[in-house]
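Q: this is a predicted model, with the sequence first.
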Amino acid sequence: MTAAPTLHRFATSLLAISVRRTPDGYLWVREPGPSYRPPTPVPDGLLDRVGRLHPAIRTPATDGRAFHYPTAGPFSAAMLLSALRADPVRVPTDPVRVPTDHTEPDNPSRVAPARPLRATAGPDRRALLADGLRAAGAALAALHRHPLPAQVVDEHPGPARLGRWLAGNPDPATPVGRLRAEAYPRLGAARWARLDAALRALTAVAGGDRPALLHGAASLSVIVPQSRGRSVLLTGEAFARGPWWLDLGWLVAELHEVRAAAAVGLPAAPDGDLDDLHRALVEGYGRPVDPDVVAVLAAARVLTHAHDFAAYVGWHDQLLDYLDITADLVDRLPGGA
């Protein structure tokens, strides 16, 4: 049997992701790399139950090595957003030409400039993105209403990675160690103290909230927008427990990160504001996250993004720009600089 053609592939030491054309659409294959830390096993049947909660939740089939997700679309929201420009370029719903051999990280995809998507017809990218974000919000809301199994014990992996890095002592000869060495003087002691205090306060608030079943890895990279109600949120690799606002807020914080990257002129950042996409996400979920919470999560997420790129891809001088973005976001935390 002839293997399905690979339309594009990108990889880090955390994940290798390929998108293949199939007779019914596309297949996203996400294969863990050497830096992948498997989560605590979840109860039997949870993936099946979660997959029936909402049409926009897409859970994977597994072959013991990789996660396989059938979808109607070949582009993630991160890919579409990085290609978004002021000109009204349009994306085909059934593209004939798509980028290939495109290497970029999973979550830290905007550090490495993406190859422009070639497209000639189809729905406006911004409308497609709004549909995808709205569907993702609705999917998260449905997931959070599902009873939390006692066996789901992991905390949200994003803040957990940041916490381990901040508490550790990485080798300064490694990219992660170099980032740490650059970060402390670049942010300064006062900003580190403010960020640490804000994260501790957020942890205290989280401990008082009723925990929900979290997606654990909600990001623009796992939203696959498509028209006619076919957008999906790839779900099931990192279930965690925690307050609902941590899942939704981590995704809202990513939009803040993209906007901040645009403000400093990073090359893969989109033109224009992202308020419409934020509104679509919140509209889909049904309630907003407290802006003060989002402000803290945005600073934490940018720093986590920088850590992830250094850890799973390597050093890039644009990481220094991300430290500057973090400093600016810390200065904007509630209470002022």
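A: Arrived safely. Numbers count the residues shown, from 1 in each chain.

Q: separation between residue 129 and residue 242?
A: In this view, residue 129 and residue 242 are 26 Å apart by Cβ to Cβ, to the nearest Å. Heads up, the C-betas are built off the backbone N, CA and C, glycines and all.

Q: the two: which is more packed in?
A: residue 129 (26 against 21; other Cβ atoms under 10 Å).

Q: give me the phi and psi angles of the more buried one.
A: Torsion angles at residue 129 (phi, psi; degrees, to the nearest 10) stand at phi -60, psi -40.

Q: now do the buried residues in the helix or strand encompassing residue 191.
A: Per DSSP states H and E, residue 191 falls inside helix 189-208. Going by neighbour count (16 or more other Cβ atoms under 10 Å), the buried part of helix 189-208 is 191, 194-195, 198-199, 202, 205-206.

Q: let's see stretch 234-247 as PDB, backbone CA atoms only.
A: This file holds the C-alpha atoms of stretch 234-247, laid out as PDB (Å, rounded to 0.1, in the frame of the first residue of the first chain):
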ATOM      1  CA  LEU A 234      -6.300  18.200  19.100                       C
ATOM      2  CA  THR A 235      -6.800  16.800  22.600                       C
ATOM      3  CA  GLY A 236      -5.500  13.900  24.800                       C
ATOM      4  CA  GLU A 237      -1.800  14.100  25.100                       C
ATOM      5  CA  ALA A 238      -1.400  16.100  28.300                       C
ATOM      6  CA  PHE A 239      -4.500  15.800  30.500                       C
ATOM      7  CA  ALA A 240      -4.000  17.600  33.800                       C
ATOM      8  CA  ARG A 241      -6.000  18.900  36.800                       C
ATOM      9  CA  GLY A 242      -6.300  22.500  37.800                       C
ATOM     10  CA  PRO A 243      -8.600  25.600  37.600                       C
ATOM     11  CA  TRP A 244     -10.500  26.100  34.400                       C
ATOM     12  CA  TRP A 245      -9.000  29.500  33.900                       C
ATOM     13  CA  LEU A 246      -5.400  28.000  33.600                       C
ATOM     14  CA  ASP A 247      -6.300  26.100  30.400                       C
END
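
Q: model confidence over it, on average?
A: Mean pLDDT, computed over stretch 234-247, is 95.

Q: for residue 250, what are its contacts?
A: Contacts of residue 250 were listed using Cβ atoms under 8 Å, 6 or more residues apart in numbering, and they are 156, 158, 218-219, 297, 301.

Q: and it, how far from residue 164?
A: Separation of residue 250 from residue 164 (Cβ to Cβ): 17 Å.

Q: before we move on, what about residue 195?
A: 16 Å.
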